[in-house]
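[1] Got a predicted structure here, sequence first:
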Amino acid sequence: MFLVVNVLQVFVFDVWNIPFWMNLILFILLILLYTLKGGIKTIVWTDTLQTTFMLLAVVLSILLICKNLHIHLNQLFANIWHSSLSNIIINDWHSKRHFIKLFFSGMFITIVMTGLDQEMMQKNLSCRNLKDAQKNMFTFSFTLIFVNFLFLILGAVLLLYAQANSINVLLTDNLFPTIAIKFLGPVSGLVFLVGLISAAYPSADGALTSLTTIFCIDFLNFNKNTGLSEKVKTRIRYLVHFIIATILLFVILAVRALNNKAVIDNLFTIAGYTYGPLLGFYSFGLFTKQKVYDNWVPFIALLSPVICYIISLYSKQLLFGYVFGYEILILNGLLTFLGLLIISKKRINYKEMI
């Protein structure tokens, strides 16, 4: 959402002298309107349409860049292959981008951000039966391979175009909009904006709806007999939805104020600390049958990321020059798992775990 609102601000709303916060409020209000009106069915259908437009925008952008560079698609792929951009194997173990680090961190990031995602669960619940839900998961997984590969190609193409035209952009988040809007003509600019907005809404509407559902069920116990009528529950659900949207608004304003590097890098760095406890909880529930003292669980969930952050800060001194990247997520999950074992109510039965 930050990327979309930021791009709209820089290339559209700044020209009209409309401040960033007004642009952001308008964006969130649009999401609130159609999620409150249509619910999960609206999200499923709009996500399908928006994702289709997003992928079309990527493909059209690549083709427009080929045309602008006066080369065929095959030649473009050859240029990428023979450039340093195709090198994904980094052997320097001091680097945060070491291949093994990225391989395992990528694996676990996919598990926590996709496999344990409430939004994904909601979409599976909209399927008619278990078989259709399983089919949806497998289709989604294989489709992601193609989509990720397509975006990798787009990134390489943008960098090659920037090098060929001596385009210097300080923040990589602005590279795509700068090229699409300022160098490739109005058609490309329109395609880019449609694709970018299409990419943002599936993430934003799903996140808002998921957070509302989680809060109402886990904190307000709407799945139990609370004595409240459905009408009252609906009003409370709307209020929770609005409050979460407001919190999201302030988070995006904070990101804009503090951001000094690519948002995607920030995202995965933060995910290493916020999703680590989730990975630990899920693994603990999957591989053990231990009961824990519930009152201590929030303490473990907070302590583990703090320990990881301290280790990450001093890893060079403590671990002979080792620098943590996104794999801090794995350590975070492991520490959470061990913390849950410590607060277990009975001795561990290792045979039961096996």
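    Received, thanks.

[2] Low-confidence ranges, the stretch 151-300 of the chain, go.
    Within the stretch 151-300 of the chain, the stretches with pLDDT under 70 are 170-171, 198-199, 201-203, 259-262.

[3] What ranges does it have for its helices?
    Secondary structure of the stretch 151-300 of the chain (DSSP state H, counting those that start in this stretch): helices at 175-182, 186-214, 230-258, 263-274, 276-287, 297-313.

[4] Other residues contacting stretch 62-79?
    153-154, 157-158, 160-161, 164, 179, 183-185, 187-188, 191 (CB atoms under 8 Å, 6 or more residues apart in numbering). Every residue, glycine included, has its C-beta placed from N, CA and C.

[5] Just the buried residues of it, please?
    Residues of stretch 62-79 classed as buried: 62, 64-66, 68-69, 71, 76-77, 79 (neighbour count, 16 or more other CB atoms under 10 Å).

[6] need the next SSE after the biggest helix by length in the chain, C-terminal direction.
    Looking across the chain with DSSP state H, the single longest helix is helix 20-69. Moving toward the C-terminus from helix 20-69, the next helix or strand (DSSP states H and E) is helix 73-81.

[7] Not counting residues beside it along the chain, what's closest to residue 305?
    residue 273 (4.2 Å; CB to CB, 6 or more residues apart in numbering).

[8] Switch the buried residues of stretch 62-79 over to TSV; also include pLDDT.
    Below are the buried residues of stretch 62-79 laid out as TSV (pLDDT from 0 to 100):
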residue	pLDDT
62	88
64	86
65	87
66	88
68	85
69	85
71	86
76	86
77	87
79	87
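
[9] And these, which is closest to residue 267?
    Closest approach between those and residue 267, by CB to CB: residue 62, at 23.7 Å.

[10] Which member of the buried residues of stretch 62-79 is positioned nearest residue 172?
    residue 65 (16.5 Å).

[11] Please list only the buried members of the contacts of stretch 62-79.
    Buried by 16+ other CB under 10 Å: 153-154, 157-158, 160-161, 179, 183-184, 188, 191, out of these.

[12] CSV please, covering those residues and showing distance to residue 107.
    As requested, these are arranged in CSV below (distance: CB to CB, whole Å):
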residue, distance to residue 107
153, 22
154, 23
157, 27
158, 27
160, 29
161, 32
179, 32
183, 37
184, 36
188, 35
191, 33
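
[13] quick one on the thing from earlier: for the residue nearest to residue 305, what are its contacts?
    Contacts of residue 273 by CB under 8 Å, 6+ apart are 305, 308-309, 328-329, 332.

[14] Could you check how far it is from residue 308?
    Distance, residue 273 to residue 308, by CB to CB, to the nearest Å: 6 Å.

[15] which residues do these two both contact?
    Common contact partners of residue 273 and residue 308 (CB under 8 Å, 6+ apart): 328, 332.
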